[in-house]
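>>> The following block contains a protein sequence and its predicted model.
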Amino acid sequence: MDLKNRDLITIDDLTNSEIESIFSLSDEMSDKMPEQYGLCAGKVMATIFFEPSTRTRLSFESAMHRLGGSVISVADPKSTSFAKGESIADMARIISSYADIIVLRHPWEGAAQLMADYATVPVINAGDGGHQHPTQTLCDLYTLKKERGDIKGMTIALWGDLKYGRTTHSLIFALAKFGATILFCPSPGLEVPDNIMHKLVTEYGGELEKFSKNHKQNQTGAFPVDAAYITPEQPHQLTMMPGIDLEVTMKAGVDALYVTRPQRERFTSEEKAADLQFPIVDQKLMSGKELQRALVMHPLPRVDELAYDMDADPRSMYFKQAARGVPVRMALIALALGVKKNTMPDAIPATKVDYPVYRREYGVKCSNPRCVTWQETEKNYLKPEFKIVSLKPLTFRCVYCEHGTEPKYVASTEWHQGTTDAKRYNRANSHLAKKIRPENLIAFDSAEEAEKHGYLPGHYAQSQAVKEKPKNE
Ligand code: NCD
């Protein structure tokens, strides 16, 4: 499809063929860089960066300059009305009247989606908290393709902070889309969040196998694998013989080791206080049999997790990944502004699944405290909104930050039909819950919340409600 005027918030916003189209235009542009000047003449890009950045902001700006467009930029939140408490919705409306495209980096998860909801020009997510960073993923995929060809069938190991590393979150879905096998090697305590694993297996197919701490691969310590995602493109017997199959995969060798730094700025106080270990990627680790031909990738910046002794190694790709940010972002800007057209036929349909939407003003809040829906400046106009991604257990996915929330109680608009004494709530895991049609569903985080809104405990609320809230209270 045409990318003109489209937002890029998560990597799911692009089909494989759209990604291929961005890459073929990136190739064309990097081959004939001077000829691109003038393509975006008269267009203005706003780069709004409320978190530190070197590569992402400068490569976006360099890309727009090379296309002959102009750039207006904010790199310090304290210098904007954000510091005075201005909402993202208002900022979106204002910046849309100054620029033709907005690139946003923000610490709140879901901020880019919210900006896109109110902006009248395309919004590109340059990183929203620990959620996603789709344009870094484009640079990562582009590097894999340029260095090794077809991503289908590759084995990619993700290493380091997989809990807060937003680049890995976007990359996981991209690798799954293109049919790669993924090995998860998190620093202990920084494993991939459940909502991401859930989305991976339910929407991308394939199999996910988690290995116990005693698993052979973990015992060696050299290359501990916590979990593996086996693409449906490459039929394995992993769930039947996990040990054997992982060994086969490892013997074949890893194609790339994707390293991330500990995202300390996002750690909870407990994580800051805990003595979390961050194994180092260096020549010693990379001399292991399974890593012999593995590319070493990193979105940068590095701290201590990637040794400088890797820099001269031909397997190291991180400086190339960063350099490729310019042609990749040039292609993306040109397509989003409509000065270039998507050249690839849309052979593979989008992976986005259409779930029923849940949107009520009360009852359920997103379980993620870093979500944009929790922020003071946004609460006057922003109502929580979810996709109902599972009925058993009842699970909502926030449309902004994509975190999962499991409401405890439910009611149905059909049960009370206007009469207050028929307003009953029941446990979300009771058989009644499944009978409620999505459009009639009312969900609650707690019994207190249900009662605050005039609902009484129904027959199937009692047992848990009593446990949580003694009757005589
Ligand atoms: C990454 C980011 O900001 O998420 N950096 C980047 O954009 N290249 C990775 C990081 O900060 O660790």
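Yes, it's here. Numbers count the residues shown, from 1 in each chain.

>>> only C-alpha atoms for contact and neighbour calcs from this point on.
Noted.

>>> Do you have the helices of the stretch 101-250 of the chain handy? List them.
Listed in chain order, the helices of the stretch 101-250 of the chain (DSSP state H, counting those that start in this stretch) span 111-118, 134-148, 166-177, 194-204, 216-219, 242-252.

>>> Lowest average pLDDT across these?
Taking the mean pLDDT of each of the helices of the stretch 101-250 of the chain, the lowest value is held by helix 216-219, a mean of 59.

>>> re earlier: tabulate the helices of the stretch 101-250 of the chain (a markdown table), appending mean neighbour count and distance to the ligand.
Conversion of those to a markdown table gives the following (neighbours: other Cα atoms under 10 Å; distance: least, Cα to the nearest ligand atom, whole Å):
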| stretch | mean neighbour count | distance to the ligand |
| --- | --- | --- |
| helix 111-118 | 23 | 14 |
| helix 134-148 | 21 | 6 |
| helix 166-177 | 24 | 5 |
| helix 194-204 | 16 | 17 |
| helix 216-219 | 16 | 25 |
| helix 242-252 | 15 | 27 |
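
>>> To R329, which of those helices lies closest?
Proximity to R329, assessed across the helices of the stretch 101-250 of the chain by Cα to Cα, is greatest for helix 134-148 (7.5 Å).

>>> quick one, that closest one and helix 166-177 angle?
Interaxial angle, helix 134-148 versus helix 166-177 (axes from the mean of the first three to the mean of the last three Cα atoms, to 10 degrees): 60 degrees.

>>> Report all helices and strands that helix 134-148 contacts.
Using 3 or more Cα pairs under 8 Å, 6 or more residues apart in numbering; DSSP states H and E as the contact test, the elements touching helix 134-148 are strand 123-128, helix 166-177, helix 318-323, helix 325-336.

>>> Format these as JSON lines; extra columns: distance to G404.
Below are the helices and strands packed on helix 134-148 laid out as JSON lines (distance: least, Cα to Cα, whole Å):
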{"stretch": "strand 123-128", "distance to G404": "17"}
{"stretch": "helix 166-177", "distance to G404": "15"}
{"stretch": "helix 318-323", "distance to G404": "32"}
{"stretch": "helix 325-336", "distance to G404": "30"}
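
>>> closest one to L200 among the ones you listed?
Evaluated with Cα to Cα, the helices and strands packed on helix 134-148 place helix 166-177 nearest to L200, the distance being 6.7 Å.

>>> Need phi/psi at the residue in the chain that the ligand sits nearest to.
Distances between the chain and the ligand by Cα to the nearest ligand atom are smallest at P299, namely 4.3 Å. For P299, the backbone dihedrals are phi -70, psi -20 (criterion: degrees, to the nearest 10).

>>> who's in contact with it?
With contacts defined as Cα atoms under 8 Å, 6 or more residues apart in numbering, P299 is in contact with Q136, D140, T167, V259, T260, Y318, Q321, A322.

>>> If the fourth one is in a bridge, with which residues?
By that I understand V259. Taking DSSP bridges as the rule, V259 bridges to W159.

>>> Could you check how many residues crowd around it?
A count of neighbours around V259, defined by other Cα atoms under 10 Å, yields 27.

>>> again, but for M45
25.

>>> helices and strands around the strand or helix carrying it, which ones?
Taking DSSP states H and E as the definition, M45 sits inside strand 44-49. For strand 44-49, the contact count by 3+ Cα pairs under 8 Å, 6+ apart identifies helix 55-66, strand 70-74, strand 101-106 as packing neighbours.

>>> That one pairs with which strands, parallel or anti?
The pairing partners recorded for strand 44-49 under DSSP bridges are strand 70-74 (parallel), strand 101-106 (parallel).

>>> deepest of these, which one?
Comparing the strands paired with strand 44-49 by mean neighbour count (mean count of other Cα atoms under 10 Å), strand 101-106 comes out on top with a mean of 25.
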